[in-house]
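1. here is the input, now give the coordinates:
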Amino acid sequence: MWNQLLPDLTAFYTNCRLINQFNANDLQYLDAAFHDIDTIWNKNFTKIEKVKYIMLSEAPLWGNLGKYIYNPIITNCSSFFWCSVLLYALNQKGLVPTTNLKTNADLVDELNNLGFLIVDVSPYALNTVNTSMNYPQLSHRQGNNYFNLIDPTLSVFFDDKLKKIIPKIPEEGVKIFYRYKRVENCLGNSINTRLSIYSLSILPPPLNNISLQGGSIDKNKLAKII
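-> Sure, this is the predicted structure:
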């Protein structure tokens, strides 16, 4: 799949006048990160029997420490998904967690048990250290750079995820929502188009995204979803 993505990625860096940085640093990092993250996601996916919830995210920060919720070497929860947020949502529903919900491993186990799957829409693990561009930066630039980077990948990367997920969706369906408003605002129409191919759709407002200002999750919205 990486070879399918590479031409558009190279063209994007060229258009942004960053091709020298791409060839010198970014390419090697993005290539390795893509394959590592893909392997980890697929391994975790096998642990989910039925996919009842899909949270559409952006891409892992990854970097030198492998920052990714599904990476088993990560011990602590983060603002991406605090353990306390899930605990609150479970308590609101009268559900008892099967773990202590103290570590990232506990969080992932609980999410897997719920049939809760995190799907990144972008294959590129951009950050402020390892790459010469990052997502907040791209989303604030003129010229739809955020859209132009990710949109060409959806029919390859995002569709591949959807094809794997479809057989695991139960008869009662799946609830799909965004982690970040930025993803929805920049790519919502394109993602809706991809989802509609599989007769899937985003939850209607106000549960279409669970983002809070500042980057955390709206625990009350999450509680209503699960």
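2. could you look up the SS state of N189?
-> When classified by DSSP: H, G, I helix; E, B strand; the rest coil, N189 comes out as helix.
3. correction: the previous question concerned L195.
-> Three-state call for L195 (three-state DSSP): helix.
4. can you give me the pLDDT of it?
-> Here the pLDDT value assigned to L195 is 98.
5. give the buried residues for the lowest-mean-pLDDT helix or strand in the chain.
-> Ranked by mean pLDDT, DSSP states H and E, the weakest helix or strand in the chain is helix 135-140, scoring a mean of 84. Across helix 135-140, burial judged by 16 or more other CB atoms under 10 Å covers Y135, L138, S139. (Each C-beta comes from the backbone N, C-alpha and C, glycine too.)
6. I'd like these laid out as TSV, including distance to P206.
-> Putting those into TSV (distance: CB to CB, whole Å) gives the following:
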residue	distance to P206
Y135	24
L138	27
S139	22
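7. now, among these, which is nearest to N209?
-> Checking the buried residues of helix 135-140 against N209 with CB to CB, the nearest one is S139 at 14.7 Å.
8. quickly find the element holding the closest residue to that closest one other than its chain neighbours.
-> Using CB to CB, 6 or more residues apart in numbering and skipping residues adjacent in sequence, the residue nearest S139 is Y146, 4.4 Å away. Assigned by DSSP states H and E, Y146 belongs to helix 145-150.
9. now the helices: where do they sit in this protein?
-> Counting by DSSP state H, the chain has helices at residues 2-15, 19-21, 27-45, 83-92, 104-114, 135-140, 145-150, 159-165, 181-197, 219-225.
10. which residues touch C16?
-> C16 makes contact with M133, N145 under the criterion CB atoms under 8 Å, 6 or more residues apart in numbering.
11. so Y146 makes contact with L138?
-> Yes. Counting by CB atoms under 8 Å, L138 is a contact partner of Y146 at 4.3 Å.
12. count the residues that sit near the nearest residue to A105 once chain neighbours are set aside.
-> Leaving out its chain neighbours, the residue that sits closest to A105 by CB to CB, 6+ apart is P72, at 6.8 Å. Neighbours of P72 under the rule other CB atoms under 10 Å: 13.
13. N100: neighbouring residues, count only.
-> Neighbour count for N100, taken as other CB under 10 Å: 9.
14. cool, and S199?
-> 9.
15. and for N104?
-> When neighbours are counted by other CB under 10 Å, N104 comes out with 21.
16. show me what contacts the nearest residue to it once chain neighbours are set aside?
-> In space, and not counting its chain neighbours, N104 is closest to I74: 4.8 Å by CB to CB, 6+ apart. Contacts for I74 (CB under 8 Å, 6+ apart) come out as G66, K67, Y68, N104.
17. recalculate using a threshold of 10 Å.
-> L65, G66, K67, Y68, T103, N104, A105, L107, V108 (CB atoms under 10 Å, 6 or more residues apart in numbering).
18. distance of N134 from K161?
-> 22 Å (CB to CB, to the nearest Å).
19. neighbour count winner among these two?
-> Legend: neighbour count by other CB under 10 Å for N134 and K161, higher for K161 (21 against 14).
20. retrieve the pLDDT associated with D38.
-> 98.
21. that one contacts D160, doesn't it?
-> Yes. Taking CB atoms under 10 Å as the definition, D38 is a contact partner of D160 at 9.3 Å.
22. now do the shared contacts for those two.
-> Counting by CB under 10 Å, 6+ apart, the common neighbours of D38 and D160 are M1, P123.
23. below-threshold pLDDT in the protein: ranges please.
-> Within the chain, the stretches with pLDDT under 70 are 141-144.
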